[in-house]
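> test case, fold it:
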Amino acid sequence: MANLIVVCGPQAVGKMTVAESLRDKLKYNMMMNHDSIEMSDKIFGFGTPAQREFNSIFREKAFDLAVKHNVDLIFTYVCAFEVQEEREYLLNLEKMFKSNGGEFYFVELSADLETRLERNETPHRMERKPSKRDVVWSKSNLLKDAQNHRLNSEDGEILFKNHMKIDNTNLSPDEVADMVIEGFELVANEKEEKEYRFGV
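Have a look, this model is predicted:
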């Protein structure tokens with residue numbers, strides 16, 4: 001049985017650093033949304049039909065293998081909540097893991113725009129996400145999506161049985177991770193470091 005933790009929220013809200021903290025505390029494996037994005041961009045170019053298809057296949061196969069081999073996984077995701085297809089994508093992930101005996105946990109982060117713009121240029125973000133090193137483009141994309149999409153759910157809107165909303169504007173990644181672990185009563189795996197963060 002494999003569990004899936006989805007850490008969701010707008011660009012530069014802190015999904016990656018929270019997911020990394022959860023990974024290290026729980027000894028779960030981790031797939032950032034940018035793992036598939038950066039790889040597919042590198043091979044097929046930015047925003048091309050082949051890139052989009054490969055990006056989708058990459059993630060789909062990772063989820064399939066996590067379920068098949070009972071690998072607890074953390075996944076970061078940006079959702080445009082006004083787009084039904086994106087909501088259904090998350091609901092299908094919940095169904096996939098729960099129907100195979102695992103659990104699905106949804107962690108939704110939010111932070112004010114000023115904080116997100118500051119986090120958009122942190123050295124760790126630049127290191128882990130090469131596509132964000134074009135800071136002018138990255139900032140423009142962040143502001144455009146903030147204007148054009150609803151990147152957090154509405155107040156009182158709960159989509160999943162295990163749905164936790166956290167404003168992490170003034171919280172460290174470790175503080176958020178501890179809130180998630182305590183709130184969902186999660187228990188760490190017994191794994192060697194190389195099994196869940198090899199080469200990281």
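> quick one: least confident helix or strand in this structure?
Between all helices and strands in the chain, the lowest mean by mean pLDDT, DSSP states H and E belongs to helix 123-128, at a mean of 82.
> list the buried residues for that one?
Neighbour-count burial for helix 123-128, counted by 16 or more other C-beta atoms under 10 Å, picks out 125, 128. In this view, the C-beta of every residue, glycine as well, is placed from N, C-alpha and C.
> do the same with stretch 138-150
In terms of neighbour count (16+ other C-beta under 10 Å), stretch 138-150 has its buried residues at 138-139, 142, 149.
> before we move on, what about stretch 60-79?
62-63, 66-67, 71-77, 79.
> ok but Phe75 is inside a strand, no?
Yes - under DSSP: H, G, I helix; E, B strand; the rest coil, Phe75 falls within a strand.
> which strands and helices lie in contact with the strand of greatest length in the chain?
Secondary structure of the chain per DSSP state E: the longest strand is strand 104-110. Strand 104-110 is packed against strand 4-8, helix 15-26, helix 84-99, strand 163-167, helix 173-184, with contacts defined by 3 or more C-beta pairs under 8 Å, 6 or more residues apart in numbering; DSSP states H and E.
> can you tell me which of those is most buried?
Burial of those is given as mean neighbour count (mean count of other C-beta atoms under 10 Å); strand 4-8 ranks first at a mean of 26.
> and it, which strands flank it?
With DSSP bridges as the test, strand 4-8 is paired with strand 73-77 (parallel), strand 104-110 (parallel).
> okay, the angle between it and strand 163-167?
If you take axes from the mean of the first three to the mean of the last three C-alpha atoms, to 10 degrees, strand 4-8 sits at 30 degrees to strand 163-167.
> ok, and what's touching strand 4-8?
Identification of contacts with strand 4-8 by C-beta atoms under 8 Å, 6 or more residues apart in numbering yields 15, 18-19, 22, 28, 63, 66, 72-79, 90, 93-94, 97, 102-109, 180.
> name the nearest residue to the residue nearest the centre of the chain, ignoring sequence neighbours.
In the chain, the C-alpha nearest the mean C-alpha coordinate belongs to Thr76, at 0.7 Å (C-alpha atoms, centre = their mean). Once flanking residues are discounted, Thr76 sits nearest to Lys15: 4.1 Å by C-beta to C-beta, 6 or more residues apart in numbering.
> and what of Val83?
His149 (7.6 Å).
> likewise for Leu113?
Ala146 (6.4 Å).
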